[in-house]
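Participant: need coordinates for the below:
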Amino acid sequence: MDTFVESYSFDGITMIPFCTSSSSGIGRSGQNLADNAGSGTWLEGKRFGGGASEDEIRSWIDGMQ
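Facilitator: Model prediction:
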C-alpha cells in the first residue's frame, strides 16, 4: 500500500481507508497512508471485524452519502 500511495496522485480525491481484521485495530494506518501519499483529502477510516458482511460494509458506505 505504501508504494501505491507514494506513486499515485490523489489530488482532488477524497480517500476513506477501511480494513477488516480479526484481531488488530486500524491504528495509525490511515494517517500513515495520508502522510505517504502527500496529496488528496484523507478522512478517518474504519475497521470492521474479520467476519464483516458485505451488507455491513455497504451500509457504512451508503451512510456517507
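Participant: off-centre distance for the host helix or strand of T3?
Facilitator: Per DSSP states H and E: T3 is located in helix 2-7. Here helix 2-7 is found 14 Å from its chain centre; the criterion is Cα atoms, centre = their mean, to the nearest Å.
Participant: so what does the next helix or strand after it touch, helix or strand wise?
Facilitator: Downstream of helix 2-7, the first helix or strand assigned by DSSP H and E is strand 14-15. Secondary-structure packing of strand 14-15 (3 or more Cβ pairs under 8 Å, 6 or more residues apart in numbering; DSSP states H and E): helix 29-37, strand 41-42. Heads up, the C-betas are built off the backbone N, CA and C, glycines and all.
Participant: which residues does S7 contact?
Facilitator: By Cβ atoms under 8 Å, 6 or more residues apart in numbering, no residues touch S7.
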